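[1] Here's a sequence, model it:
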Amino acid sequence: MLALPMTAQASVAPDSAFHAYARARLADGDGASPLAVENYRLALDEDPGSPAIARRSYLQALESGDLPLALRSARLLDAEGLLPRDGTLLHIGDALNRKDWAAARTWTDRMAEEGNFAFLAPLVRSWIRLGEGNYDPPILVAKDRADILARRYMDEQIALQALARKDVQAALPAIRAALATRTSDQDALRLTFAAQLASQRAATQALELLPDDRANFALARSDIEQGRSRKLRREGAPLTPAQGFGRLLTRLAVDAAAMDGGEVLSIRLARIATFADPGAESRIVMARLLTENENPALGLAEARKIPVDSYYGALAEAELIDALDGAGQDEGAIALARSQAAAPNAEAERFVRLGSLLAGAKDFSGAAQAFRAAQARYPADAMPWTLLLFEGSALEQGKQWDEARAVLERAAKIEPNEPMILNYLGYAQIERRQNVDEALALLKKASTLKPDDPSITDSLGWAQFIAGNVEAAVPVLEKAAASAPGDATINEHLGDALWAAGRRYEARYAWKAAATFADGVVAERLKAKAKEGMKPEYAAP
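    Numbering: from 1, shown residues only. Purely as a prediction, here's the structure:
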């Protein structure tokens with residue numbers, strides 16, 4: 001039921017706050033963000049003092065990107081003492097955008113007092129001082145816990161501040177340090193630094209950041225080499241304090257997304273970042289986080305805000321492909337992925353993305369070809385084992401087992417102690433009842449290397465069952481099922497082993513549990529087993 005923001009009355013006018021709030025909650029639940037936002041706005045108009053409406057409208061405004069509604073809701077919540085901690089960040093960005101340095105300083109002081117984001121304060125204050133024309137670099141204390149957290153973002157912020165002051169010599173060492181520590185979104189960061197250096201007549205240093213064998217950098221390199229000053233001034237404009245703050249929150253959002261349970265916070269941080277800095281880097285991260293958190297429609301909208309002819313256009317297209325895939329628009333995603341992979345000097349990740357999409361569409365031959373093309377981007381002695389695993393998986397699913405096995409064995413030679421390779425190679429042979437003893441040895445090694453992985457534990461237990469050692473198989477499969485109770489394959493394996501061990505009531509229970517999460521042919525097989533018991537034609541593959 002809806003949590004109502006006011007006392008329900010016997011008769012409620014259709015244009016009341018209650019009705020608008022109810023419509024907003026229903027639209028919110030159905031993923032209809034524009035409709036939800038519009039009705040939260042109407043509800044606030046009708047009942048501007050309701051904390052319940054303000055709270056929901058604040059959250060929806062952040063997800064959908066409605067800055068006026070977010071600020072309005074935040075002010076109402078703050079008046080009631082209910083402002084979320086990230087609301088302080090929203091107000092800092094707003095003050096910086098308005099160049100209200102006094103307000104920005106006040107909100108930054110409050111952020112420091114509240115504690116949650118206190119480690120950002122030295123970096124934010126340096127942007128405020130830059131805006132005031134009285135710049136001092138941020139100073140961090142080595143032993144201070146908050147400053148240790150801030151150090152992760154220090155080099156990039158120092159570089160951006162130096163470029164904002166047109167001090168190329170101060171920026172260069174900070175740029176090198178930032179690129180050495182930043183692994184995610186490094187292409188976007190290189191483009192930002194290169195464009196700003198080139199716009200400040202440091203073309204040589206800019207080109208050094210953009211390898212000439214990368215499609216992602218082709219447009220920027222061409223403009224820099226040709227000295228297209230007008231476009232360079234546009235793409236490489238120094239950041240304002242608000243934009244610098246936005247980049248800081250973007251990095252924080254990426255880090256939050258990598259933490260357990262950090263998904264919601266990461267989206268809110270990323271959205272506040274786009275309010276402060278509506279540039280390409282922030283929107284690329286926002287699009288990715290929305291898609292990863294099952295909102296590909298908003299992810300699509302965000303990625304499409306980045307011009308295709310900007311330096312970040314290719315990076316935005318990658319997010320667009322993922323969002324199209326997440327939205328079930330497989331053909332559009334594959335077509336765009338093919339176009340990206342056809343570009344001169346296409347990066348390996350473009351072929352991996354295409355291969356993954358083709359495998360999802362059951363074009364396993366095309367997928368294997370794409371993964372081989374990705375491998376061609378690496379020297380033979382630096383081949384990532386993951387690309388061989390991807391190719392081997394595509395070949396195996398495409399019923400080309402002999403070729404798949406050869407590729408997987410190459411991967412195992414590169415990384416002989418990688419549990420994923422050992423598990424795949426071992427289990428694929430067990431499925432085919434080939435080389436059972438050899439496959440069992442591979443799976444025992446994989447399980448020793450990664451004993452808490454339920455899929456590997458299941459593979460080992462099933463291999464023991466196939467090898468005829470039911471007594472050893474049952475406890476191993478029970479362990480796997482306890483770790484992954486919602487896995488249909490694991491529960492079916494356990495049921496088959498329990499039946500063979502004479503524990504038939506428990507076997508039926510395991511099959512019924514498996515059927516809850518299965519579909520198609522597997523679901524029918526499980527239903528038959530639970531009803532009739534184990535028959536040869538019902539055995540798990």
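
[2] Domain ranges for the protein, per the record?
    Using automatic domain parsing, the domain ranges for the chain come out as 1-83, 347-401, 449-541.

[3] Any chance of those domains in JSON lines with mean neighbour count as columns?
    All C-beta atoms are positioned from the backbone trio N, CA, C, and that covers glycine. Output for those, formatted as JSON lines (neighbours: other C-beta atoms under 10 Å):
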{"stretch": "domain 1-83", "mean neighbour count": "18"}
{"stretch": "domain 347-401", "mean neighbour count": "19"}
{"stretch": "domain 449-541", "mean neighbour count": "18"}
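
[4] Please identify which of these is closest to Gln340.
    For the domains of the chain, the distance to Gln340 is smallest for domain 347-401, at 4.7 Å, taking C-beta to C-beta.

[5] average pLDDT for that closest one?
    Taken as a whole, domain 347-401 has an average pLDDT of 97.

[6] Quick check: which ranges of this structure have low pLDDT?
    In the prediction, the chain carries residues with pLDDT under 70 at positions 1-36, 141-144, 146-147.

[7] In it, where's the longest helix?
    Longest helix in the chain by number of residues, with DSSP state H as the criterion: helix 145-164.

[8] which strands and helices sit next to it?
    Other elements packing on helix 145-164 under the criterion 3 or more C-beta pairs under 8 Å, 6 or more residues apart in numbering; DSSP states H and E are helix 121-132, helix 168-181, helix 186-199, helix 241-257.

[9] buried set for that helix?
    Of the residues in helix 145-164, those buried by neighbour count under the rule 16 or more other C-beta atoms under 10 Å are 146-147, 149-151, 153-164.

[10] same question, stretch 313-331
    Neighbour-count burial for stretch 313-331 flags 314-327, 329 (criterion: 16+ other C-beta under 10 Å).

[11] what's the distance between that stretch and the middle of its chain?
    Here the centre of stretch 313-331 is set off from its chain's centre by 13 Å, with C-alpha atoms, centre = their mean, to the nearest Å.

[12] Residues touching it, excluding its own?
    Counting contacts by C-beta atoms under 8 Å, 6 or more residues apart in numbering, the residues outside stretch 313-331 that touch it are 187-188, 191, 215-216, 219, 280, 283-284, 287-288, 290-291, 294, 296-297, 299-300, 302-304, 306-308, 310, 332-333, 336-337, 340, 343, 349-350, 353, 357, 360-361.

[13] What subset of those residues is buried?
    With burial judged by 16+ other C-beta under 10 Å, the buried subset of the contacts of stretch 313-331 is 187-188, 191, 215-216, 219, 280, 283-284, 287-288, 290-291, 296, 299-300, 302-303, 306, 310, 332-333, 336-337, 340, 350, 353, 357.

[14] Can you tell me the SS state at Asp452?
    Assigned state for Asp452: coil (three-state reduction, DSSP: H, G, I helix; E, B strand; the rest coil).

[15] Can you report phi and psi for it?
    Summarising the backbone geometry of Asp452 under the convention degrees, to the nearest 10, its torsions are phi -100, psi 10.

[16] do you know how far it is from Ala159?
    Between Asp452 and Ala159 the computed distance is 41 Å (C-beta to C-beta, to the nearest Å).

[17] Also Leu252?
    Noted for Leu252: a distance of 17 Å to Ala159, by C-beta to C-beta.

[18] same thing with Lys450?
    When C-beta to C-beta is applied, the distance between Lys450 and Ala159 equals 39 Å.

[19] Next: Ala510.
    Summarising the geometry, the distance separating Ala510 from Ala159, computed by C-beta to C-beta, is 57 Å.

[20] what do you get for Glu235?
    For Glu235, the distance to Ala159 equals 17 Å [C-beta to C-beta].

[21] circling back to that earlier point, which stretch among the helices and strands packed on helix 145-164 comes nearest Glu208?
    Glu208 lies closest to helix 186-199 among the helices and strands packed on helix 145-164, at 8.5 Å (C-beta to C-beta).

[22] Show residues contacting that closest one.
    Defining contact as C-beta under 8 Å, 6+ apart, one finds that helix 186-199 is touched by 156, 159-160, 163, 168, 171, 175, 178-179, 182, 203, 205-207, 209-210, 214, 216-217, 220, 223-224, 229, 232-233, 235-238, 280-281, 284, 311-312, 315.
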